[in-house]
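Asker: show me how the following folds:
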Amino acid sequence: MRWLRFSLPGQDILRYGLLDDEDRITEIQGAPWETYAKTASRHALADVKTEVPLIPRTFYAAGLNYVKHIREYAAQTGKEINVPAQADIGYRAVNALIADGEDVIIPVGATQVEYEGELVVVIGKRARHVSKEEALQCVFGYTIGNDVSERVWQASDRTFWRCKNSDTFKPMGPWIDTEFDLSGAETVVSVNDAVTTRFDTGDMLFDIPTFISRMSQNLTLYPGDVIWMGTDGHSPHLRDGDRVRVEITGLGALQNRFVRA
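Answerer: Below is the predicted model:
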């Protein structure tokens with residue numbers, strides 16, 4: 001099942017709906033991971049604006065979770081290769097979220113902006129002290145994220161406050177899929193229709209159950225929380241006007257244009 005958050009032309013009300021194979025949306029009352037009711041309202045996908053699939057209560061992000069990305073980042077920065085020994089998690093800011101089709105704004109002073117195509121896990125059930133075997137029972141579904149980064153700021157600042165969290169730096173969408181199959185999934189990133197990154201989505205250093213279980217020992221995961229699972233490969237420096245498309249097998253594609261402020 002694919003769940004969409006959308007708005008109608010000229011209206012500010014945000015709605016949830018179930019997307020069918022004919023690109024028709026059945027509007028619901030409530031949130032997909034809570035108690036909801038279908039309504040009689042139906043819309044064509046082409047007639048609505050796709051919004052960010054959800055605004056998470058807490059926005060988590062797994063850094064350095066693919067070995068190739070770790071090696072390429074070390075080569076790029078001149079640092080030693082340091083493969084993490086455990087599934088540590090970080091945070092991102094919800095102010096940075098934008099929807100599929102919206103523009104990423106390259107801030108004034110930014111000189112090295114790069115993409116990071118990522119699988120996003122959407123939590124659907126409260127999780128505290130869960131085992132790895134129980135962890136996937138807490139997952140509602142999956143979507144796609146682009147963890148945009150400004151690498152010069154990342155190297156110079158003490159925190160990720162602007163290199164990862166500037167407004168528009170976190171495209172996410174276009175929908176949440178509850179039937180996504182990670183086995184055999186591939187992440188393909190294209191810039192201006194030319195493929196620049198391709199990797200096995202499931203080839204993670206630490207898998208989804210490991211992260212959820214470890215996190216839940218110290219904090220509570222709530223329905224509507226998201227966990228971005230990291231990226232592999234290396235991004236070119238993005239320029240004004242570049243169009244970046246992140247596609248994951250079975251999940252669809254997330255596409256955004258990069259525009260200089």
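Asker: right, and residue 186 touches residue 200 too?
Answerer: Yes. Here residue 186 lies in contact with residue 200, judged by Cβ atoms under 8 Å, at a distance of 6.2 Å. In this view, the C-beta of every residue, glycine as well, is placed from N, C-alpha and C.
Asker: now for the residue nearest to residue 89 when sequence neighbours are not counted: which residues touch it?
Answerer: The shortest distance from residue 89 to any non-neighbouring residue, by Cβ to Cβ, 6 or more residues apart in numbering, is to residue 60 (5.2 Å). Shown in contact with residue 60 (Cβ atoms under 8 Å, 6 or more residues apart in numbering): 89-92, 215, 225-228.
Asker: and residue 181, by the same measure?
Answerer: residue 250.
Asker: now the closest residue in space to residue 125 that isn't next to it in sequence. Its backbone dihedrals?
Answerer: Distance criterion Cβ to Cβ, 6+ apart; nearest residue to residue 125, sequence neighbours excluded, is residue 138 at 4.4 Å. Per-residue torsions, residue 138: phi -90, psi 0 (degrees, to the nearest 10).
Asker: repeat for residue 164
Answerer: Torsion angles, degrees, to the nearest 10, at residue 164: phi -110, psi -20.
Asker: what about it, how many residues nearby?
Answerer: 24 (other Cβ atoms under 10 Å).
Asker: didn't it look like it was pressed against residue 154?
Answerer: Yes. Contact status for residue 164 versus residue 154: in contact at 7.3 Å, counting by Cβ under 8 Å.
Asker: any shared contact partners between these two?
Answerer: With Cβ under 8 Å, 6+ apart, residue 164 and residue 154 have no common neighbours.
Asker: neighbours of residue 91, how many?
Answerer: Each residue near residue 91 was counted by other Cβ under 10 Å, and the total is 11.
Asker: do residue 141 as well
Answerer: For residue 141, the tally of surrounding residues (other Cβ under 10 Å) stands at 22.
Asker: residues in contact with it?
Answerer: Taking Cβ under 8 Å, 6+ apart, one finds 1, 3, 32, 122, 124, 176-180 in contact with residue 141.
Asker: let me know the closest of the residues you listed to residue 72.
Answerer: Minimum distance to residue 72 across those is 26.4 Å, recorded for residue 180 (Cβ to Cβ).
Asker: please, where are all the strands along the stretch 51-200 of the chain?
Answerer: 59-61, 90-91, 97-98, 104-106, 113-114, 117-123, 139-146, 149-150, 170-177, 186-191, 194-200 (DSSP state E, counting those that start in this stretch).
Asker: next one: the residue of the chain most remote from its centre from residue 232, what distance?
Answerer: Going by Cα atoms, centre = their mean, the residue of the chain most distant from its centre is residue 40, 30.7 Å out. Going from residue 40 to residue 232 by Cβ to Cβ, to the nearest Å gives 44 Å.
Asker: ok, residue 244 next?
Answerer: Distance, residue 244 to residue 232, using Cβ to Cβ: 16 Å.
Asker: report the central residue of the chain.
Answerer: Mean-position check on the chain, Cα atoms, centre = their mean. Result residue 145 at 2.3 Å.
Asker: any weak-confidence spans in the stretch 151-261 of the chain?
Answerer: Along the stretch 151-261 of the chain, segments meeting pLDDT under 70 are nowhere present.
Asker: just the helices in it please.
Answerer: Assigned by DSSP state H, counting those that start in this stretch, the stretch 151-261 of the chain shows helices spanning 151-156, 208-216.
Asker: before we move on, the earlier item: would JSON lines of the contacts of residue 60 with distance to residue 17 be doable?
Answerer: Listed next are the contacts of residue 60 as JSON lines, based on distance: Cβ to Cβ, whole Å:
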{"residue": "89", "distance to residue 17": "31"}
{"residue": "90", "distance to residue 17": "32"}
{"residue": "91", "distance to residue 17": "29"}
{"residue": "92", "distance to residue 17": "26"}
{"residue": "215", "distance to residue 17": "30"}
{"residue": "225", "distance to residue 17": "22"}
{"residue": "226", "distance to residue 17": "19"}
{"residue": "227", "distance to residue 17": "24"}
{"residue": "228", "distance to residue 17": "24"}
